[in-house]
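K.L.:
With the input below, show me the fold.
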Amino acid sequence: MNLQRIQAVAYKEWREILRDHLFFSMAFLLPLLMLLVLGWGISFDVENIPFAVLDQDKSRLSRDFLHRFIDSRYFSYQGDVKKTEELDRLLAHSDIRFALIIPDKFQEKLLAGQSTEVQSLIDGVFPYRAQVSKGYVSAIINNFNNLSLADYLAKKRGISTEQALALVAPVRLQPRYLFNQALRSEWSMASGLMMMVLMIGPSMLTALGIVREKENGSIYNIYASTISRAEFILGKLLPYTFISCLNILILWWLVVYLFGVPFKGDPVFYYVASVSYVICAVGIGLLVSLLVNTQVAAVMLTMVISFVPSMLYSGLMVPLTSMSLDAQLQAHLFPNMYYLRITWGSFFKGLSWSELWFDVLALLLYAIILWVAAYLKFHKRPKQ
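P.N.:
So this is what the prediction gives:
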């Protein structure tokens, strides 16, 4: 293997990249835009749910009950209505996502020690949001029930409200959230999107860079030269690997300083792991470029191979433990899952080599397999 030949191929490829101003700009702008758009656009926080109420009782207790929803940050009060038909219309037009119906004699029954029912109408078009909304409603009602019963006991027995609450709810839950105490989904999403961006960007650049030579015919100069397969592959991929390694630093800076995500891990370890992941992505792009002959086909195939595993089988959208056994097995067939564990472990848990060595080893193994497969697939004398 001749290092001068590798350097010559890499220099030629770098000049080609610089000559194409649009391609060079997109090499840095595409990852940046993907992170910003998806990081700010995707959120799993269910807050400010628009709702309206039909209060058929209009009593002191019904208003007190209603204000427990109004004062919650999870709901956004849109006003009262007079008929159920108005609620149906608001729900049908998606003006509200949740409706509350307080029945007549609400206060009268409660003061008489009788149970009463309130009805909630929840928009089920988005099942996840509907389930979370139902949980919020149940929590508010349970809290109202406990306080109402505590007030009744306090008056009946002549004790304080705090003592009555201890009798009504002797066991209280005090949750403590670890690693992401504020439960900010944008932190998890922004850091997790590095996994997706660093897979799509490098693989796309590599695939387009090589297929472009196929389309304009300059690849035949390589076929006619004395350069070896390994020298061509290494020289060809070095510029794209270098660009992607710079993008690692840019994306990390954006996640930490623009999105405000805390980084608790070892920067050196995380960068080494990220470079290993980028090498995997470049290997995928190389394989794609050897399978197709047009840039359109390269874009389509690269998006399928890089985007689908990043979204569905990495653990970014759905935790691996919540997947079926088949889906978990498929997740282990892609490097995305391993890098996401490294990313979240480094950002939130402060993990490093001793805890994540297996994931880094898996990335290196994937990189070796991909590059060897590309080497075996590439022939200087392509079949006619």
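K.L.:
May I ask you to confirm that Leu91 is in contact with Ser120?
P.N.:
No. The pair Leu91 / Ser120 is not scored as a contact, 11.4 Å apart, by Cβ atoms under 8 Å. Just so you know, the C-beta spots here come from the backbone N, C-alpha and C atoms, and that holds for glycine as well.
K.L.:
list the residues that contact both of those two?
P.N.:
Ala99 (Cβ atoms under 8 Å, 6 or more residues apart in numbering).
K.L.:
between those two, which one's more packed in?
P.N.:
For Leu91 versus Ser120, the count of surrounding residues by other Cβ atoms under 10 Å is larger for Leu91: 19 against 15.
K.L.:
Please give the element, helix or strand, for the more buried one.
P.N.:
helix 84-92 (DSSP states H and E).
K.L.:
Could you point out which residue ranges in the stretch 201-350 of the chain have low pLDDT?
P.N.:
Within the stretch 201-350 of the chain, the segments meeting pLDDT under 70 span 217-226.
K.L.:
Past the helix holding Leu91, which element shows up next along the chain?
P.N.:
Criterion used, DSSP H and E; the element after helix 84-92 is strand 98-102.
K.L.:
Next, the angle from that next one to helix 84-92.
P.N.:
160 degrees (axes from the mean of the first three to the mean of the last three Cα atoms, to 10 degrees).
K.L.:
Extract the C-alpha trace of strand 98-102 and format it as CSV.
P.N.:
Written as CSV, here are the backbone C-alpha positions of strand 98-102 (Å, rounded to 0.1, in the frame of the first residue of the first chain):
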residue,chain,number,x,y,z
PHE,A,98,-60.0,17.6,25.8
ALA,A,99,-63.5,18.5,27.1
LEU,A,100,-64.8,18.4,30.6
ILE,A,101,-68.5,18.0,31.5
ILE,A,102,-69.4,18.8,35.1
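K.L.:
packing partners for it?
P.N.:
Judged by 3 or more Cβ pairs under 8 Å, 6 or more residues apart in numbering; DSSP states H and E, strand 98-102 is in contact with strand 49-55, helix 60-70, helix 84-92, strand 119-122, helix 127-157.
K.L.:
Check what contacts it and list those residues.
P.N.:
49-57, 62, 65-66, 69, 75, 84, 87, 90-91, 118-123, 133, 137.
K.L.:
pLDDT averaged over that strand, what's the number?
P.N.:
Across strand 98-102, the average pLDDT comes to 89.
K.L.:
do the same with stretch 34-54
P.N.:
On average, stretch 34-54 scores 85.
K.L.:
Show the end-to-end separation of it, please.
P.N.:
43 Å (Cα to Cα, to the nearest Å).
K.L.:
quick one: buried residues of it?
P.N.:
34-35, 39, 46, 49-54 (16 or more other Cβ atoms under 10 Å).
K.L.:
chain center to that stretch, what's the gap?
P.N.:
13 Å (Cα atoms, centre = their mean, to the nearest Å).
K.L.:
now swap in stretch 174-189 and tell me
P.N.:
Using Cα atoms, centre = their mean, the offset of stretch 174-189 from its chain centre is 14 Å.
K.L.:
quick revisit: looking at the helices and strands packed on strand 98-102, which is buried most?
P.N.:
Highest mean neighbour count of those: strand 49-55, a mean of 21 (counted as mean count of other Cβ atoms under 10 Å).
K.L.:
what angle do that strand and helix 127-157 make?
P.N.:
Using the same axes, to 10 degrees: strand 49-55 against helix 127-157 is 50 degrees.
K.L.:
Tell me the strands beside strand 49-55, with direction?
P.N.:
strand 75-80 (parallel), strand 98-102 (parallel) (DSSP bridges).
K.L.:
got the angle for that strand vs helix 60-70?
P.N.:
170 degrees.
K.L.:
residues making contact with strand 49-55?
P.N.:
Contacts of strand 49-55 (Cβ under 8 Å, 6+ apart): 62-63, 66, 69, 74-84, 86-87, 90, 95-102, 129, 133, 136.
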